[in-house]
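Trainee: Got a sequence here, can you model it:
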Amino acid sequence: MIEIQTLDMPLSLALRKDIPEGVQITVPPMLATREAGSSMLVTILVSVGTGVPSSLLASWLYDKLKNGRSNKITINRREIEITEGEITRIVEESIKIEK
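Mentor: Numbers count the residues shown, from 1 in each chain. As a prediction, this is how the structure comes out:
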């Protein structure tokens with residue numbers, strides 16, 4: 001499972017569209033209401049089924065994140081720049097840890 005935290009509320013809606021097969025998106029209601037300064041912090045959980053290539057997941061995530069309001073996001077408690085390389089790296093690390 002990959003945990004994404006963002007201040008970009010529309011991102012939680014964007015991630016629910018065109019989800020690749022084997023990927024599940026969850027936005028727990030309690031986690032979507034925490035405050036961070038004057039903005040709402042949204043936590044998005046991305047579950048990955050077996051057989052889903054990390055490159056497919058990383059490419060899909062990058063495509064959804066690149067047009068957001070922020071150029072940084074927190075994935076698994078690590079703040080990263082929204083670049084294809086960084087997202088691919090963190091997704092590959094996360095999937096290796098799960099195995």
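Trainee: Could you report the neighbour count for T43?
Mentor: T43 is flanked by 18 other residues according to other CB atoms under 10 Å. Placement of C-beta: from N, CA and C, glycine included.
Trainee: which phi and psi does it have?
Mentor: Phi and psi for T43, reported as degrees, to the nearest 10, are phi -110, psi 130.
Trainee: Roughly how far does it sit from V27?
Mentor: If you measure T43 against V27 using CB to CB, to the nearest Å, the figure is 7 Å.
Trainee: Enumerate the beta-bridge partners assigned to I2.
Mentor: As for beta bridges, I2 partners with V46 under DSSP bridges.
Trainee: buried ones in the helix with the most length in the chain?
Mentor: Determined from DSSP state H, the single longest helix within the chain is helix 84-98. Judged by neighbour count (16 or more other CB atoms under 10 Å), helix 84-98 contains these buried residues: 86-88, 90-91, 94-95.
Trainee: Now pLDDT and distance to N67 too, for the residues you listed, in CSV please.
Mentor: Rendered in CSV, the data for those read as follows (pLDDT from 0 to 100; distance: CB to CB, whole Å):
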residue, pLDDT, distance to N67
E86, 93, 16
I87, 92, 14
T88, 93, 18
I90, 91, 19
V91, 90, 18
S94, 83, 22
I95, 78, 24
